[in-house]
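>>> need a structure here:
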Amino acid sequence: MMTQPLSHEDVTGVVGALDDDKIAAIIATGATMEDLVEAYAWASDETDALADSEKSLSGTVAEVYDILISDEWGDEGC
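Predicted structure coming up:
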């Protein structure tokens, strides 16, 4: 099953207002909605729940996480 690419609205619906360049960078990773939600949970320090699930930060989730916590594009959201 093929997943739909994230849209601007998908990203802002999960993480709130972000700089358009940051949103474009997240979309460019090819992340799925699941990747975005997981990366945002890590960026929001909800790691207790993620630790319980024994997930690690890697792949596309790690890319999105790096974008979310980066100040390179400004810091209007997260």
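
>>> show me the residue at the heart of the protein, geometrically.
Closest to where the C-alpha atoms of the chain average out (CA atoms, centre = their mean) is residue 36, at 3.6 Å.

>>> where are the low-confidence patches of the chain?
1-2, 46-56, 72-78 (pLDDT under 70).

>>> mind listing the strands for it?
When assigned using DSSP state E, the chain turns out to have no strands.

>>> how about the contacts made by the residue nearest to the centre of the chain?
6, 10, 11, 14, 15, 26, 64 (CB atoms under 8 Å, 6 or more residues apart in numbering). C-beta: built from backbone N, CA, C; applies to glycine.

>>> tell me how far it lies from residue 12.
Distance, residue 36 to residue 12, by CB to CB, to the nearest Å: 11 Å.

>>> the residue nearest to residue 62 when sequence neighbours are not counted: neighbour count?
Excluding its sequence neighbours, the residue lying closest to residue 62 (CB to CB, 6 or more residues apart in numbering) is residue 39, at 7.6 Å. By the measure other CB atoms under 10 Å, the count of residues near residue 39 is 26.

>>> likewise for residue 58?
Under the criterion other CB under 10 Å, the count of neighbours that residue 58 has is 9.

>>> quick check: it vs residue 24, distance?
Taking CB to CB, one finds residue 58 at 23 Å from residue 24.

>>> likewise residue 67?
10 Å.

>>> what about those two, which has more around it?
Neighbour count, other CB under 10 Å: between residue 67 and residue 24, residue 67 has more, with 23 against 14.

>>> my read: the more buried one touches residue 26, true?
Yes. Here residue 67 reaches residue 26: they are 5.4 Å apart, a contact under CB atoms under 8 Å.
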